[in-house]
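# model this:
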Amino acid sequence: MVIYQDAGRTRADYYDSESHVIRYTVALAASHDSATFLSDPSTSAPQFRLTYTLKMADQVSLKFEIAPPGKPFATYIEATAHRK
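Below is the predicted model:
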């Protein structure tokens, strides 16, 4: 994932080994404890939402959601990561 500034907005582009590319707009919480990555909407492809939330200084939660065109978001995966 590459995170960058574009015309005053924080953006991110995700690339994987299967040639998928997801382009996100990034929103940071006012409390600075979470970041939400929302993919660009499309009428022919699903929309994705990826949220990282700081739980402790060494732990974050992750939630990845998918919304088929015209449908609400549904959770695909939830996880927690921590630093050793």
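# who does the helix or strand hosting Q5 touch, helix- and strand-wise?
Per DSSP states H and E, Q5 falls inside strand 2-6. On a contact count with 3 or more Cβ pairs under 8 Å, 6 or more residues apart in numbering; DSSP states H and E, strand 2-6 meets strand 9-15. Backbone N, C-alpha and C define where each C-beta goes, glycine included.
# Kindly point out the strands partnered with the strand it packs on and how each is oriented relative to it.
Next to strand 9-15 in the sheet, as set by DSSP bridges, lie strand 2-6 (antiparallel), strand 21-28 (antiparallel).
# Could you export those to TSV, including columns for mean pLDDT and mean neighbour count?
TSV is the format used below for the strands paired with strand 9-15 (pLDDT from 0 to 100; neighbours: other Cβ atoms under 10 Å):
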stretch	mean pLDDT	mean neighbour count
strand 2-6	95	10
strand 21-28	95	14
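# Just send those back as a markdown table, with distance to Y14 too.
Conversion of the strands paired with strand 9-15 to a markdown table gives the following (distance: least, Cβ to Cβ, whole Å):
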| stretch | distance to Y14 |
| --- | --- |
| strand 2-6 | 8 |
| strand 21-28 | 4 |
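# of those, which approaches Y52 most closely?
Checking the strands paired with strand 9-15 against Y52 by Cβ to Cβ gives strand 21-28 as the closest, at 10.1 Å.
# For the residue most central in space within the chain, give me its contacts.
Geometric centre of the chain, nearest residue: L50, 2.5 Å, by Cα atoms, centre = their mean. When contacts are counted by Cβ atoms under 8 Å, 6 or more residues apart in numbering, L50 touches Y24, T36, F37, L62, K63, F64, E65.
# related to what we said a few turns ago, can you list contacts of the strand holding Q5?
Residues outside strand 2-6 that contact it (Cβ under 8 Å, 6+ apart): T10, R11, A12, D13, Y15, V26.
# Appreciated, that's everything.
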